[in-house]
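S.K.: Just need the structure, nothing else, for what follows:
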Amino acid sequence: MTVGGVPIPDVADLAGMRRARHTKLADLLETAGLDALVLLGGGAVSYATGAANPGVDSGRAALLRPVAVVVRGERAPHLFTPYPEGAPPELPADHLHGPCYPELDEGVEAIGGWLAERLGPKARLAVDELTHALAGGLSGFEVTGAGAVMAAAKLCKTADELACIRTAQHINELAMTDVRPLLRPGVRQTELTARFLRRVFELGGATCAVDPIWQVMPASRAELPWTTHGDIAFPTPTTDRFLRDGDVIWIDAGITWEGYASDFGRTWLVGSDPTPTARQQAQCRRWREVVAAALACCRPGVTALELDRAAIAAHGGRRPWLEHFYLAHGVGTESAEMPLIGTDLGEEFDDQLVLRPGMVLVFEPVIWDEGAGGYRAEDLVAITDDGWAPLSDFPFDPFDGSP
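M.R.: So this is what the prediction gives:
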């Protein structure tokens, strides 16, 4: 299986991957006629610089976040960070700067002056997030959104990027293997989270990208919280509630490795000897049939709408995913990024979204039988030069007969 003629390696060339990403951003700046990218979003900064940042609470995250600046024509990105120890080793010393605090007027004044001195006061900048201070501090520049540039850069992964995603997913799945035996009556949801996160870091994971969800799913929508869209309420926050024998648990979790996210989803049963009913086994089979139908279409040149229609046909003509989610989404330096397939943007949007080598799809259909609950899981694949390749490999126990 190759992407752009290159096999997906077992171990990524991290330095080469970062150089390739910078080259891609530099080319996109040239094409767009932009002088620089100014990036504040965590996934965007990670993509542009390869910087590793510690997990911090939300109160510190906004104030102490790093900023990346990619200047057209320069050999490397600039990183403004309170965590210089997270900079990649090949980043030139004169491209590593102290923090600029984009939430504060003083910090924005400093970064604005640096940009004006380097690029001139009328430079064209693309910015992914505008804080209140930044909006005023960059008023002398021509400012546009960076979404188009970043989406184009991140949409199709290189073979090395796919190797990173596969490694992140492998760590996530290994950690879940250790969590699975803990799923017994009397355990708290938070205990599952503690076991999972401890094992993730023991295995080399960097940060938690998606707070683990262990949602107890009843048989009927009416037993769930009310939603504005009228569909199933998912996900709901993890609490310290005790799990009970026979509970059906929908799981969602993600971690990062070298800046790339995983995405894990399965349905589990609580009990010392969890045995699914015939109805529950049938729900799992239908989930797998839906994904199999979509995968049968997965190859370069196919539209997202064709995947939608294949999945719906496999589900008897009914949409097999939640209205506020999707049939599939991408994953990369964000836990959910383009391509997004089956959203409320409609068929016209999906019809113009064409699969290309290097795209990553996280399939997450939902099978729901009102009055009998349902089944949900997630599986990751990469679009290759001539089809698709799996990036996840976790069993469907206890629904497939494994212990």
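
S.K.: in this structure, which helix or strand is least confident?
M.R.: Every helix and strand of the chain was ranked by mean pLDDT, DSSP states H and E. The lowest is helix 58-63, at a mean of 60.

S.K.: can I get the CA coordinates of the next helix or strand after it in PDB?
M.R.: Scanning forward in sequence from helix 58-63 by DSSP states H and E, the next helix or strand is strand 67-71. Presented in PDB, the C-alpha positions along strand 67-71 are these (Å, rounded to 0.1, in the frame of the first residue of the first chain):
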ATOM      1  CA  VAL A  67       2.300  30.900  18.300                       C
ATOM      2  CA  ALA A  68       3.800  29.800  15.000                       C
ATOM      3  CA  VAL A  69       4.700  32.200  12.200                       C
ATOM      4  CA  VAL A  70       5.500  30.900   8.700                       C
ATOM      5  CA  VAL A  71       7.200  33.600   6.600                       C
END
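
S.K.: show me where the stretch 201-350 of the chain has helices.
M.R.: Assignment of helices within the stretch 201-350 of the chain using DSSP state H, counting those that start in this stretch yields the ranges 278-295, 304-314, 347-351.

S.K.: Let me see the contact set for residue 155.
M.R.: Contact analysis of residue 155 by Cβ atoms under 8 Å, 6 or more residues apart in numbering lists 330, 338-339, 356, 358-359. Heads up, the C-betas are built off the backbone N, CA and C, glycines and all.

S.K.: low pLDDT regions in the protein?
M.R.: Per-residue confidence for the chain (pLDDT under 70) gives these ranges: 55-63, 401-403.

S.K.: gap between the residue nearest to the spatial centre of the chain and residue 356?
M.R.: For the chain, the residue nearest the mean C-alpha position is residue 335 (1.4 Å; Cα atoms, centre = their mean). For residue 335, the distance to residue 356 equals 21 Å [Cβ to Cβ, to the nearest Å].

S.K.: How about residue 116?
M.R.: According to Cβ to Cβ, residue 116 and residue 356 sit 38 Å apart.

S.K.: Need the contact partners of the host helix or strand of residue 108.
M.R.: According to DSSP H and E, residue 108 maps onto helix 105-119. Applying Cβ under 8 Å, 6+ apart, the external contacts of helix 105-119 come out as 35-36, 38, 67, 69, 71, 80, 99-102, 123, 125, 131, 133-134, 136-138, 140-141.

S.K.: What subset of the residues you listed is buried?
M.R.: With neighbours counted by 16 or more other Cβ atoms under 10 Å, the contacts of helix 105-119 contain buried members at 35-36, 38, 67, 69, 71, 80, 99-102, 123, 125, 131, 133-134, 137-138, 141.

S.K.: Next step: those residues restricted to strands.
M.R.: Judged by DSSP state E, these include 36, 38, 67, 69, 71, 80, 125 as members of strands.

S.K.: Check whether the fifth one really touches residue 34, as I assumed.
M.R.: If I follow you right, that is residue 71. No. Assessed by Cβ atoms under 8 Å, residue 71 is found out of contact with residue 34, at 9.9 Å.

S.K.: What residues sit buried inside the longest helix seen in the chain?
M.R.: If you go by DSSP state H, the chain has its longest helix at helix 159-179. Using 16+ other Cβ under 10 Å as the test for burial, helix 159-179 gives 159-176, 179.

S.K.: do stretch 312-322 as well
M.R.: 312, 314-315, 320-322.

S.K.: quick one on the thing from earlier: how near is the residue nearest to the centre of the chain to residue 17?
M.R.: Distance of residue 335 to residue 17, given as Cβ to Cβ: 19 Å.

S.K.: ok, now residue 108?
M.R.: From residue 108 across to residue 17, the span is 31 Å (Cβ to Cβ).

S.K.: repeat for residue 276
M.R.: From residue 276 to residue 17 the distance is 41 Å (Cβ to Cβ).

S.K.: List the contacts of residue 79.
M.R.: Applying Cβ under 8 Å, 6+ apart, we find residue 79 in contact with 45, 49, 51, 66-68, 87, 91, 95-97.

S.K.: I meant residue 236, not that one.
M.R.: 213, 215, 224-225.

S.K.: tell me which of those residues is nearest to residue 3?
M.R.: residue 213 (30.8 Å; Cβ to Cβ).

S.K.: ok, now which ones touch that closest one?
M.R.: Applying Cβ under 8 Å, 6+ apart, we find residue 213 in contact with 235-238, 250-253.

S.K.: So which of the residues you listed wins on neighbours?
M.R.: Tallying neighbours with other Cβ atoms under 10 Å puts residue 253 at the head of the contacts of residue 213, with 28 neighbours.

S.K.: wait, it sits on residue 212?
M.R.: Yes. At 4.2 Å, residue 253 counts as touching residue 212 under the criterion of Cβ under 8 Å.
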